[in-house]
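**Q** I would like to see how this sequence folds:
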Amino acid sequence: MGSPNERNRPVIRRRLLVLAVLAALLATGLTACGEKQEDTDAAATAERVDLVLDYLPNADHAGIYGAIGSGEFEAAALDVKPRTPSDPSAPLKLLASGKADLAISYEPELLLARAKGAKLVSIGALVQKPLTSIVSLGSDGNAIRRPAQLEGKKVGTAGIPYQDAYLKAILERVGADPDRVRPVNVGFNLVPALLTKRVDAVLGMFWNVEGVELQRRDRKPVILKMDDIGIPTYNELVIVAREADVRSRGPLLRRFMRALTRGHEALREDVDSGVDPLVKANPDLNRNLQRAQVRATLPVFFPTDEERPFGYQEPREWQAYTQWMAENELIADAAVGQRAFTNEFLPGEGI
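**A** A predicted model of the protein is given here:
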């Protein structure tokens with residue numbers, strides 16, 4: 001039968017083999033399961049990515065600029081170039097026409113575009129919750145603290161159809177008469193219209209940007225957030241790609257989202273990691289104001305479910321919001337939302 005040492009040799013050899021395999025896995029990082037890896041040749045020429053922002057650079061984009069400034073995109077062999085559009089309706093048009101590689105837009109805008117036939121898909125949420133708000137000023141004693149108080153008031157809007165639908169739905173929900181509220185299209189001059197008392201309140205300000213600015217100016221803004229007053233929650237800002245690129249440029253999109261994730265994780269640890277490159281690229285921005293706005297935005301950059309990765313889009317929320325748009329006749333059919341987004345390019349997804 002052989003000696004005990006001879007009988008144990010096969011067992012010892014198997015154990016040594018297992019240990020060698022585990023060591024190799026640890027060395028290559030393959031034990032970090034849950035994330036599909038894309039090979040990136042550090043010496044390869046970086047692929048240029050023209051990224052159209054939703055509007056002027058601000059705190060919402062700090063993680064993007066952070067990923068640029070820290071070299072995360074460069075490490076992913078990407079040369080990301082943010083561009084400022086002429087107005088918030090331009091990004092999806094530029095993307096659909098092939099004049100951009102990716103665009104930052106709004107979930108409602110994407111659904112409206114798809115309803116008109118645009119073959120565009122959200123590949124990740126930049127901001128998880130609605131930022132759009134009804135804002136009035138407490139400093140002049142005319143604050144609107146409940147939606148019903150809008151009756152008999154002038155409400156400034158940017159003239160965006162779905163925001164007009166928000167106002168009507170919010171009023172009807174509390175039994176107020178929409179005919180007794182006067183909407184005033186002030187374009188994107190929401191802050192001046194409110195400060196000059198041209199209107200009593202505005203619908204369209206972002207609570208994390210203009211809201212924070214008004215707070216710092218001691219104008220005591222009273223902020224009513226959309227998802228607190230009856231509008232289904234949605235992703236305020238999303239990263240949009242063409243359907244054709246979702247099929248053919250998956251490795252690039254996955255590398256983009258992985259680098260963007262790291263930029264936001266660094267932002268969560270230190271807001272200056274994003275604020276510094278944001279202000280450097282846009283020197284007209286006030287650094288202290290940007291810091292305050294980024295701190296306000298941090299909770300909604302990430303999913304409330306900590307098990308989900310940055311950029312995750314909740315299917316049930318997309319379904320509920322798309323249904324709301326259909327019920328309010330903004331789109332003809334809720335089926336528009338069925339393929340409007342994908343999570344497959346996020347870290348830990350798409351396995």
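
**Q** Need phi/psi at the residue most central in space within the chain.
**A** With distances taken as Cα atoms, centre = their mean, residue 126 lies nearest the centre of the chain, 1.9 Å away. Residue 126 adopts backbone torsions of phi -80, psi -40, taken as degrees, to the nearest 10.

**Q** Surely it touches residue 106?
**A** No: with contact defined as Cβ atoms under 8 Å, residue 126 does not reach residue 106; the gap is 10.0 Å. (C-beta placed from N, C-alpha, C; glycine too.)

**Q** Identify the contacts common to the two.
**A** Common contacts of residue 126 and residue 106, defined by Cβ atoms under 8 Å, 6 or more residues apart in numbering, comprise 237-238.

**Q** would residue 235 count as being in a helix?
**A** No: using DSSP: H, G, I helix; E, B strand; the rest coil, the secondary structure at residue 235 is coil, not a helix.

**Q** List the contacts of it.
**A** Applying Cβ under 8 Å, 6+ apart, the residues near residue 235 are 107, 122, 125-129, 313, 317-318.

**Q** ok, of those, which one's closest to residue 208?
**A** Nearest to residue 208 out of the contacts of residue 235 is residue 127 (Cβ to Cβ; 8.4 Å).

**Q** Report pLDDT for the closest one.
**A** pLDDT for residue 127: 98.

**Q** Return the residues in contact with it.
**A** 60, 235-237, 297, 300-301.

**Q** for residue 106, same thing?
**A** Residue 106 touches 54, 88, 236-238, counting by Cβ under 8 Å, 6+ apart.

**Q** at 10 Å instead, please
**A** 54, 88, 91-92, 112, 127, 130-132, 160, 162, 234-238, 240 (Cβ atoms under 10 Å, 6 or more residues apart in numbering).

**Q** follow-up on the earlier one: can you pick the most crowded of the contacts of residue 127?
**A** residue 235 (27 neighbours; other Cβ atoms under 10 Å).

**Q** Name the nearest residue to that residue, sequence neighbours excluded.
**A** Counting by Cβ to Cβ, 6 or more residues apart in numbering, residue 125 is the residue found nearest to residue 235 once chain neighbours are left out, at 4.0 Å.

**Q** Could you report the neighbour count for the one you found?
**A** Neighbour tally, residue 125, other Cβ under 10 Å: 28.

**Q** could you check the distance from it over to residue 226?
**A** Counting by Cβ to Cβ, to the nearest Å, the gap from residue 125 to residue 226 is 16 Å.

**Q** How about residue 128?
**A** For residue 128, the distance to residue 226 - Cβ to Cβ - is 13 Å.

**Q** which intervals of the stretch 201-350 of the chain have sub-threshold pLDDT?
**A** Counting by pLDDT under 70, the ranges of the stretch 201-350 of the chain that qualify are 350.

**Q** close enough to count as contact, residue 303 and residue 349?
**A** No: in this structure residue 303 lies outside contact range of residue 349 using Cβ atoms under 10 Å: 12.0 Å.
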